[in-house]
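A.B. asks: Generate a structure from the sequence data that follows.
(chains A, B and C)
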Amino acid sequence: MDAILLQILNGIDKGSAYALIALGLTLVFGTLGVVNFAHGALFMLGAFCAVTLQKFLTLSKITIDPTRLDFLGKPAKIKTPYVEAWFGEAAGQAIINWSVPLAILFAIPVMFLVGVIMERGLIRHFYKRPHADQILVTFGLAIVLQEIIKAIYGANPIQMSAPDELQGVANMGAALGLKLSYPIWRIVYFCFAVVIIGSVFAFLKFTTFGMVVRAGMADRETVGLLGIDIDRRFTFMFGVAAAVAGVAGVMYTPINPPNYHWGMDFLVISFVVVVVGGMGSLGGAVLAGFMLGVLEAFASTTWATTTIPGINQIVIYLVAIIILLTLPRGLLGRKGVMEE
Amino acid sequence: MFTLAKNDKLLLVIVAFFTLLAPIILNPFPTESAMAQFNAGYPDLMQRFVIFGIFAVGFNILFGLTGYLSFGHAAFLGVGSYAAVWMFKLLSYNIVPAMILSVVIAGIFALIMGFICLRRSGIYFSILTLAFAQMSFAIAYSVLSNPSFNLTNGETGLQVYNDDPQYLKGDGPSTTHLFGLEMRETFTLDIGAWAFQFNVGYYICAIFLLVAFYIAIRIFRSPFGLMLKAIKTNQTRLNYTGLNSKPYTLFAFVISGMYAGLAGGLLASMDPLAGAERMQWTASGEVVLMTILGGAGTLVGPILGAGFIKYFENIFSKINDSVLHSWFSLLPDGLENAIVWVLHFFVGKGWHLTLGLLFMLVVIFLPGGLVDGGTRIYNWVRKPRNPEPAEEGAQASTDQ
Amino acid sequence: MGILEVSNVNKNFGGLKALHNVNLDIEEGTIHAIIGPNGAGKSTLLNCFIGKLVPDTGTVNFNGQSLLGIKPHQINQAGVSRVFQTPEIFMDLTVLDNVMISCFAKRDGAFSFNAWASVAQQTDIREKAEKMLEDVNMADKSKMLSGSLSRGDKRRLEMAMCLSQDPKLLLLDEPTAGMARADTNNTIELLADIHEKTKITKVVIEHDMHVVFSLAQKISVLAQGTVIAEDLPENIKGNAKVQEAYLGGAH
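C.D. replies: You can find the predicted model right below:
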């Protein structure tokens, strides 16, 4: 019992990331009908927003303290981050400590803007071109984005840490009398994912804007005929999808140190998630994201990997292939969406 | 000869001319000159030109003709390599059984993968092949590499060891060979300041390329090829015309998989090693880049694309900051440093950035690739006299 | 007994009855028109003939063989060809290639791995295709890309592709939709001419009454998913139910 629960918990943090990426991917699929191979790169860019903010916050003023000597016997250089100099030491340290959550505030506008520029500058010109061309040009863009990040930040993963208060391990099962220790930040990540997913759904469900977008997902031409400027709304949706992927990346950095090829790593799996969930189905994407995350966690147990070595690395693909062959529209896919 | 139309015959002759004389043509600069680093006429690089040329020509039969975009073809390349190395381990270093097995195994593998992936079309197909590619990579990397059953030797890669059986080796050479003719054997011809290297391995690869290219021409011009083009244009009409598109696409998929297997087998024959990284989906992405860059759906495009990418990969990786400084040393220092600083991102390790940008530009502005670009230039130059569209063969020489 | 027999076909979309107990009997060698106001279910019915839709109940028999549940290419190989409302042709291929593909499908069946032969040397197919293009007055355009043809020519090409297969039954979905009057008249002439020569059974779905009454030998009127009249053209004009369906559907 404990072991099963633990595996479920182990799965949901990765599952949350899959669900968040797949959600944005599906939004873009459904609204714009575009297959965005650069969506994984947006997740990666989000993560590097956090890295950038941290670098920025820890920019330091160097003062020389003649009263202390360093090991070479010269006057010691003291680094004081500017934030500490400006806001006082305690506030400054708190800001640096909370830099990852703070990066959300930074990443949302930045990633939204990146998304809008991408849609206006590139994707827009590919609506009428074949899917293969969309795949190819976004694939090229994904390469460019990851190489830019590599050129700036290098090829090595960059360690990022959660705020001190949210580090460490919580014993989750105490109330139930079970032994379940689990890193706090992962719980935070899961809650964060639930909030983001919930707000995207609420936004689509309860606002007129969301209703128009949903109608557009169902039948773009008719909505266009109603005289609604669907293009601008779609640009906005692309921005939202980029921002969702971005914040998912920001919050994931303490779980896994980000590096430049995150984009490609997560891309394949998030496509699999979208397809398993059902192309164009937001609920399906979220469901499949969590499901595959948990499945992967179960396949990573020692029992599973000793029975079939390496099963943890292929289980998602196996399941995806089986699901696509038995349920061609995926778990919750609707008829007629993205079918040729 | 070969029952080809006149233009195709010309094209084949041009390609044969350039591949067979490549050791001379690609070595235009004297060995000692500063420009020698731009020479491409050494065996290792030339082998890669033709091997990836074969890979891209095969990929083009699927993507260029039917429009089905596969991200899984690197898997066949990897399978071909593994099959070849196993032949070296079990039988001998003779490449003939290795080549046969790599093509056959890749074909079988492609049949299975195609049968499943081709149940869907469009993006679903691309994503399925993507999933398959990643799965094959993971299988090769870890599943089939464990103490009880080690088929791929995981991270280290599969290679030939001294204690391998090699039942048929006898007194044969201890390096890959074709009935005694060693792949690494190179004849160097010194003419003045030039040194031209004629390598056995390269010529074996070149002959395979020419045969593969000839088969591709036949397929392009056959009724089968016509049906594949029809699939790309309008599958609905094809079905309502009484044709079943499934077996056509499956055959195209298997043929292109066998080409990839051949390329993989040749890679292993030049250097008896096979690693899982050859199977990663980004490696499939590379053959997609080659085909698009050269011109998908054209005969000679994929070969051009493969040569172009492999050449510039090699050249760009060699250029570093000091080379850049020496180029722009005539400029004022500030300007020189600024230019070098900008270019720095695009050369050396930044080659992939250049490639990505180039690829985007081609997809956006020149969907027909280099061949299309060549045709446009040719037409533009010839316009006053000849408004007819040029045939593919005509500008091949300008692009080579 | 007719070449195409449709009996008791029903098709619902959700709660909407698209087809309700449709019975049709198409006689061999005739041009049979199916008319009706918008939304009467004409296209739905046609889609049931070609395997695109499967009716909820009922049977569709062609020469005694059921057409339900079999794939489009099998229906075509059985002898049913279709001309679409918006011409479906191979836009990236030449006009001649388009017709040659049809001829290959007729000669070699649904699949043949003919990868070693050269298209250029298949003289029988080429001659047949060229002859067909002459018949529809398009011989001079055989080298053109079919995507660059005018709409009328695309339609004629599509017809040539269908006719080159000597079908037993030709389905035409609004063959003059969106055409100028002159083009429409040309198409009528072409169809009449073809019918004179080949006597292929044709089912025409049409809006344009001028086309219908110039060509059809028998007319079925579909309204709200049911056949309300089936008669010779001269009798249909005076049929009170038909007038009501058209006038009633107009408001």
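A.B. asks: if I look at C:Gly79, how far off is B:Leu189?
C.D. replies: 67 Å (CB to CB, to the nearest Å). All C-beta atoms are positioned from the backbone trio N, CA, C, and that covers glycine.
A.B. asks: of the two, who's got more company?
C.D. replies: C:Gly79 (19 against 11; other CB atoms under 10 Å in any protein chain shown).
A.B. asks: what's near enough to touch that one?
C.D. replies: C:62-63, C:167-169 (CB atoms under 8 Å, 6 or more residues apart in numbering or on different chains).
A.B. asks: quick one: which helix or strand includes residue 160?
C.D. replies: Just so you know, I chose chain A. Assessed by DSSP states H and E, A:Met160 sits outside every helix and strand.
A.B. asks: Let me rephrase: I mean chain C.
C.D. replies: helix C:151-163.
A.B. asks: Buried residues in that helix, which are they?
C.D. replies: Using 16 or more other CB atoms under 10 Å in any protein chain shown as the test for burial, helix C:151-163 gives C:152-163.
A.B. asks: which of these has the weakest pLDDT?
C.D. replies: Lowest pLDDT among the buried residues of helix C:151-163: C:Gly152, with 83.
A.B. asks: sorry, back to before: turn the buried residues of helix C:151-163 into TSV, columns for distance to B:Ile123.
C.D. replies: Listed next are these as TSV, based on distance: CB to CB, whole Å:
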residue	distance to B:Ile123
C:Gly152	35
C:Asp153	33
C:Lys154	28
C:Arg155	31
C:Arg156	34
C:Leu157	30
C:Glu158	28
C:Met159	33
C:Ala160	34
C:Met161	29
C:Cys162	31
C:Leu163	36
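A.B. asks: From these, pick the one nearest A:Gly278.
C.D. replies: Nearest to A:Gly278 among those: C:Glu158, at 35.2 Å, using CB to CB.
A.B. asks: Isn't that closest one up against C:Pro87?
C.D. replies: Yes. The pair C:Glu158 and C:Pro87 qualifies as a contact (CB atoms under 8 Å) at a distance of 4.6 Å.
A.B. asks: Do a quick rundown of the strands in the chain.
C.D. replies: Assuming you mean chain A. A:60-69, A:75-81, A:169-171, A:181-183 (DSSP state E).
A.B. asks: The intended chain is chain C.
C.D. replies: C:4-13, C:16-26, C:31-35, C:57-62, C:65-66, C:80-83, C:169-173, C:201-205, C:218-223, C:226-231.
A.B. asks: B:His352: which of these is closest?
C.D. replies: strand C:80-83 (49.2 Å).
A.B. asks: now what about the closest one, what contacts it?
C.D. replies: Residues contacting strand C:80-83 (CB under 8 Å, 6+ apart): B:240, C:46, C:49-50, C:62, C:67, C:76, C:155, C:158-159, C:162-163, C:165, C:167-173, C:175.
A.B. asks: strands paired with it, and their directions?
C.D. replies: Using DSSP bridges, strand C:80-83 pairs in its sheet with strand C:169-173 (parallel).
A.B. asks: residue ranges with poor pLDDT in the stretch 101-250 of chain A?
C.D. replies: When residues are selected by pLDDT under 70, those of the stretch 101-250 of chain A lie in A:172-179, A:217-228.
A.B. asks: Give me every residue in it lying close to chain B.
C.D. replies: A:122, A:125, A:130-133, A:135-137, A:139-144, A:147-148, A:150-151 (CB under 8 Å from any CB of the partner chain).
A.B. asks: got a pLDDT number for residue 24?
C.D. replies: You didn't pick a chain, so chain A it is. For A:Gly24, pLDDT reads 89.
A.B. asks: Wait, chain B was what I had in mind.
C.D. replies: 90.
A.B. asks: where's it, which helix or strand?
C.D. replies: Assigned by DSSP H and E, B:Ile24 falls in helix B:22-25.
A.B. asks: Make a markdown table from the strands of chain C and add distance to A:Val247 and mean pLDDT to it.
C.D. replies: Output for the strands of chain C, formatted as a markdown table (distance: least, CB to CB, whole Å; pLDDT from 0 to 100):
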| stretch | distance to A:Val247 | mean pLDDT |
| --- | --- | --- |
| strand C:4-13 | 42 | 89 |
| strand C:16-26 | 44 | 88 |
| strand C:31-35 | 57 | 92 |
| strand C:57-62 | 53 | 90 |
| strand C:65-66 | 57 | 88 |
| strand C:80-83 | 51 | 92 |
| strand C:169-173 | 50 | 92 |
| strand C:201-205 | 54 | 92 |
| strand C:218-223 | 56 | 90 |
| strand C:226-231 | 57 | 87 |
